[in-house]
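[1] What follows is a predicted structure for the sequence shown.
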Amino acid sequence: MAVRLDHIIVPAHDKKTSAEFLAGILGLEVSPQYGPFLPLVVGNEVTLDFMDSDDVHWQHCAFLVEEAEFDEIFARIKASGATFYAHPDRSGIGEINHQHGGRGVYFDDPAGHAMEVLTAPYS
């Protein structure tokens, strides 16, 4: 069997706020709570398990999307009022990038994690 990522735990100050924020941006639904986790399943069936925590350390999650989805998602990012930027060091505030023959944007979630949406993989 090939090794595949199944899930990642995303610590948040308020798991409901963070999970619903990202679900809204990506156009997804939050799954019912499972134990201490509030799951968000993405298209390749990887689950982001949001968990309440007082110990939140910065994480980065990147989501590969189609061009049309990017436009929809980017509109929701702007409408949310979230800070967005072109580069992982949080430079290029209010801009997107055009790396690897596609488009990409980083944005902050309510817990301070850097989320990314891109249309072309880095490889």
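    Good, I have the coordinates.
[2] which one is Pro121 nearest to, not counting chain neighbours?
    Closest residue in space to Pro121, ignoring its immediate chain neighbours: Leu64 at 6.0 Å, by CB to CB, 6 or more residues apart in numbering. Glycine gets a C-beta too; all of them are placed from N, C-alpha and C.
[3] Asp49 now?
    Phe37 (3.9 Å).
[4] what about the one you found, distance to Pro110?
    Separation of Phe37 from Pro110 (CB to CB, to the nearest Å) stands at 17 Å.
[5] centroid residue for the protein?
    Met115 (4.0 Å; CA atoms, centre = their mean).
[6] Quick check: phi and psi on that one?
    phi -100, psi 150 (degrees, to the nearest 10).
[7] OK, contacts around Val30?
    Ala19, Glu20, Ala23, Leu38, Pro39, Leu40 (CB atoms under 8 Å, 6 or more residues apart in numbering).
[8] shouldn't the residue nearest to Asp49 be in contact with Leu48?
    No - assessed by CB atoms under 8 Å, Phe37 is found out of contact with Leu48, at 9.3 Å.
[9] Tell me which of the two has more neighbours.
    Leu48 (26 against 19; other CB atoms under 10 Å).
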